[in-house]
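[1] Predicted model follows, preceded by the sequence.
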Amino acid sequence: MKTISFPDLELSKELEKAITDLGFEEPTPIQALAIPMLIEGNDVIGQAHTGSGKTAAYGIPLLGKIDQNDRRVQALVMCPTRELAIQVSEELAKLGKYLPGIMIIPVYGGQPIERQLVALKKGVQVVIGTPGRIIDHLHRRSLDLSNVKVVVLDEADEMLDMGFRDDIGDILGRIPEKRQTVLFSATMAPPIMELAKKYQKNPKNVKVVHEQLTVPTIEQFYYEMRESDKVEALCRLLDRYNPKLSLVFSNTKRRVDEITSRLIARGYAAEGLHGDMSQSQRERVMAKFRSGVTDILIATDVAARGIDIDDIEAVFNFDVPQDPEYYVHRIGRTARAGRAGRSFTFVSGKEVWKLRDIQRYAKVRITPDFIPSDQDLEEQRTLQALTKIREAIEKEDLDNYRLRAQAMMGEEFTSLDLAAALLFMTDKARPKIASPDQAPIPRDDERQRERNNRPPRRREAYKSPHPASSNRAGPRSSGQRDRRSYTH
Ligand code: AMP
């Protein structure tokens with residue numbers, strides 16, 4: 001993996017600040033490669049899949065080249081669909097948060113053209129659009145491309161598949177020759193290479209090669225859920241599997257802090273680790289984790305680099321990683337020294353595409369699974385209590401306790417009453433912590449209803465291997481778990 005940092009890229013302070021606000025800790029592999037080339041002014045042809053961070057890879061250098069005092073269109077991004085155009089526009093707006101002089105608009109079919117006409121008239125520097133609608137504006141003369149310095153073809157393969165080849169040619173024909181042409185595509189099939197040959201000048205190739213590692217001793221599961229259910233799911237899985245040490249990965253520093261505080265609020269011994277912490281803070285956190293004082297560590301990919309601990313029994317991908325290579329590195333933290341390990345990946349919304357890419361590129365099989373229900377957890381607790389009881393019977397000197405139990409039974413209770421009451425008391429000993437995020441994980445029927453109400457996805461061809469009902473957890477029980485009460 002590349003270890004280039006954002007400060008290494010020497011971006012403007014406005015861009016750097018926006019990147020910090022977004023919580024990006026370090027450039028993704030495609031960004032580390034493409035950003036320096038694009039800043040230098042090269043044409044670039046990049047092979048990158050959704051979720052690789054490709055938008056920021058071209059978006060950061062693009063925004064850096066915009067003259068805020070010139071209100072003419074200086075950059076054009078072509079996208080195959082309105083969804084992508086909106087998404088790119090939102091991402092660029094976030095990256096350009098501290099560049100108030102830069103106006104960005106998406107133009108796509110389906111939105112009344114009048115609104116776009118008004119916006120274009122006011123003067124915008126960055127236009128993100130679908131080829132059809134861009135052509136429409138060119139015919140109406142509402143869009144002038146004669147001052148464009150950077151043009152990006154995002155998901156070029158999809159645009160060709162959708163029959164936009166001629167439109168793309170028409171549009172590029174209206175942009176001055178002296179321009180930077182950037183092309184991103186998930187595949188590098190011959191038609192894409194032809195496009196590059198025709199419209200680019202000495203393009204630099206950027207391709208992130210994925211390491212292939214096999215980690216056979218790791219059982220890998222994934223769970224589809226709503227974003228808001230992730231903390232609850234994490235707690236249930238921690239309770240279900242009771243791993244000795246767990247490493248929870250998140251994509252941004254902000255989320256590391258958020259997950260850590262929510263786990264602590266629920267009574268877990270958790271700590272966060274990320275790049276904003278001083279060396280001594282990190283060492284303190286690591287020492288506590290190594291010794292088991294904290295048994296859950298929440299970290300970003302960068303911070304977790306160099307963690308070399310053999311007892312990590314579970315790796316949680318709270319967010320699906322940006323890059324398949326990260327996935328392999330993350331899960332490789334468990335199952336060290338010949339031990340068995342488990343990995344649990346939480347998938348919500350669009351993350352399902354990233355998961356598909358991971359399975360394909362990293363050549364791993366990740367099995368869909370269910371979040372444990374309240375009943376599963378009850379059974380688990382009973383099992384754990386029984387294990388403790390068996391150990392006590394086998395290893396401890398219980399003679400005095402036997403006499404006392406016998407005295408109690410002789411009076412008014414049976415042995416069954418006594419055992420049941422003791423189990424009840426063990427259960428009750430767990431603190432009940434009210435937490436603000438106790439929304440129940442929806443049941444199968446609720447999830448199905450939600451899915452039915454959703455608009456159809458663009459890429460219908462892909463069928464999730466996951467069954468329609470991905471979660472059989474019933475409504476939450478009121479009791480909170482404290483796994484420390486049945487650890488050991
Ligand atoms: P994309 O591949 O451009 O669709 O990006 C996928 C997601 O990754 C978006 O939500 C971005 O905000 C996010 N992202 C992009 N770059 C980074 C980064 N360096 N670190 C963390 N997240 C990122």
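    Received, thanks.
[2] contacts, neighbours, all on C-alpha from now
    Fine.
[3] can you list the residues of this structure near the ligand?
    24-28, 50-56, 251-252, 322 (Cα under 6 Å from any ligand atom).
[4] What about the residues you listed, which are in strands?
    Members of the residues of the chain next to the ligand lying in strands (criterion: DSSP state E): none.
[5] Select, from the residues you listed, the two members most distant in space.
    Farthest apart among the residues of the chain next to the ligand by Cα to Cα are Glu25 and Thr50. That separation is 19.0 Å.
[6] what about the two, which has more around it?
    Higher neighbour count among Glu25 and Thr50: Glu25, with 21 against 17, using other Cα atoms under 10 Å.
[7] Mind naming the longest helix for this protein?
    In terms of residue count, the longest helix belonging to the chain (DSSP state H) is helix 374-395.
[8] avg pLDDT for the helix or strand just after that helix?
    Next along the chain after helix 374-395, taking DSSP states H and E as the criterion, comes helix 399-411. The pLDDT scores in helix 399-411 average 82.
[9] Could you list every helix and strand in contact with helix 399-411?
    The helices and strands touching helix 399-411, judged by 3 or more Cα pairs under 8 Å, 6 or more residues apart in numbering; DSSP states H and E, number zero.
[10] Beyond it, next helix or strand please.
    With DSSP H and E, the next secondary element past helix 399-411 is helix 415-428.
[11] Residues touching that next one, excluding its own?
    Under the criterion Cα atoms under 8 Å, 6 or more residues apart in numbering, residues 385, 409 lie in contact with helix 415-428.
[12] so how far is that helix off the chain centroid?
    Taking Cα atoms, centre = their mean, to the nearest Å, the mean C-alpha location of helix 415-428 is offset from the chain mean by 43 Å.
[13] shaky segments in the stretch 151-300 of the chain?
    Counting by pLDDT under 70, the ranges of the stretch 151-300 of the chain that qualify are 209-216.
[14] For the ligand, what's the nearest residue on it?
    Asn251 (5.4 Å; Cα to the nearest ligand atom).
[15] Name all residues that make contact with the closest residue to that residue other than its chain neighbours.
    In space, and not counting its chain neighbours, Asn251 is closest to Thr300: 5.8 Å by Cα to Cα, 6 or more residues apart in numbering. Contacts here follow Cα under 8 Å, 6+ apart; on that basis Thr300 touches 25, 249-253, 256, 273-275.
[16] cool, Lys54 as well?
    By Cα under 8 Å, 6+ apart, the contact set of Lys54 is 30-31, 48, 184.
[17] Sort the residues you listed by pLDDT and name the bottom one.
    Among the contacts of Lys54, Ala48 has the lowest pLDDT, at 80.
[18] Show the average pLDDT along the longest helix of the chain.
    Mean per-residue pLDDT for helix 374-395: 85.
[19] In terms of secondary structure, what does that helix contact?
    Applying 3+ Cα pairs under 8 Å, 6+ apart, we find helix 374-395 packed against helix 230-241.
[20] and Gly272, that's in a strand?
    Yes - Gly272: assigned to a strand according to DSSP: H, G, I helix; E, B strand; the rest coil.
[21] Now do the same contact list for it.
    Listed by Cα under 8 Å, 6+ apart, the contact partners of Gly272 are 256-257, 260, 285, 297-299.
[22] could those residues be laid out in TSV, adding neighbour count?
    TSV is the format used below for the contacts of Gly272 (neighbours: other Cα atoms under 10 Å):
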residue	neighbour count
Val256	23
Asp257	17
Thr260	23
Val285	18
Leu297	25
Ile298	29
Ala299	26
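[23] Which members of these are positioned in strands?
    Among the contacts of Gly272, DSSP E puts 297-299 in strands.
[24] closest to Arg115 among the residues you listed?
    Using Cα to Cα, Ala299 is the member of the ones in strands among the contacts of Gly272 that lies nearest Arg115, at 43.8 Å.
[25] ok, what's across the strand from the closest one?
    Beta bridges link Ala299 to Phe249, Leu273 when assigned by DSSP bridges.
[26] Ala304 versus the residue in the stretch 301-450 of the chain that the ligand sits nearest to, what's the distance?
    Using Cα to the nearest ligand atom, the single residue of the stretch 301-450 of the chain nearest to the ligand is Gln322, 6.0 Å away. For Gln322, the distance to Ala304 (Cα to Cα, to the nearest Å) stands at 15 Å.
[27] And the helices in the stretch 1-150 of the chain?
    Using DSSP state H, counting those that start in this stretch, the helices of the stretch 1-150 of the chain run over 13-22, 29-39, 54-64, 82-95, 113-122, 131-140.
[28] Which other helices and strands does the longest one contact?
    In other words, helix 82-95. If you count contacts as 3+ Cα pairs under 8 Å, 6+ apart, helix 82-95 packs onto helix 13-22, helix 54-64, strand 104-107, strand 126-129.
[29] any chance of the ones you listed in JSON lines, with distance to Ile39 and mean pLDDT too?
    Compiled in JSON lines, the helices and strands packed on helix 82-95 are given as follows (distance: least, Cα to Cα, whole Å; pLDDT from 0 to 100):
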{"stretch": "helix 13-22", "distance to Ile39": "13", "mean pLDDT": "95"}
{"stretch": "helix 54-64", "distance to Ile39": "5", "mean pLDDT": "96"}
{"stretch": "strand 104-107", "distance to Ile39": "20", "mean pLDDT": "95"}
{"stretch": "strand 126-129", "distance to Ile39": "17", "mean pLDDT": "97"}
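[30] And these: which comes nearest Val328?
    Checking the helices and strands packed on helix 82-95 against Val328 by Cα to Cα gives helix 54-64 as the closest, at 20.0 Å.
[31] next one: the closest one to chain centre, how far?
    Put simply, helix 54-64 sits 20 Å off its chain's centre (Cα atoms, centre = their mean).
[32] Dump it to PDB, restricted to CA.
    The C-alpha trace of helix 54-64 is given here as PDB (Å, rounded to 0.1, in the frame of the first residue of the first chain):
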ATOM      1  CA  LYS A  54     -11.900   8.100  -7.800                       C
ATOM      2  CA  THR A  55     -14.100  11.100  -7.600                       C
ATOM      3  CA  ALA A  56     -11.700  12.900  -5.200                       C
ATOM      4  CA  ALA A  57      -8.800  11.500  -7.200                       C
ATOM      5  CA  TYR A  58      -9.800  13.800 -10.100                       C
ATOM      6  CA  GLY A  59     -11.900  16.200  -8.100                       C
ATOM      7  CA  ILE A  60      -9.100  17.500  -5.800                       C
ATOM      8  CA  PRO A  61      -6.700  18.500  -8.600                       C
ATOM      9  CA  LEU A  62      -9.600  19.800 -10.700                       C
ATOM     10  CA  LEU A  63     -10.800  22.200  -8.000                       C
ATOM     11  CA  GLY A  64      -7.200  23.300  -7.500                       C
END
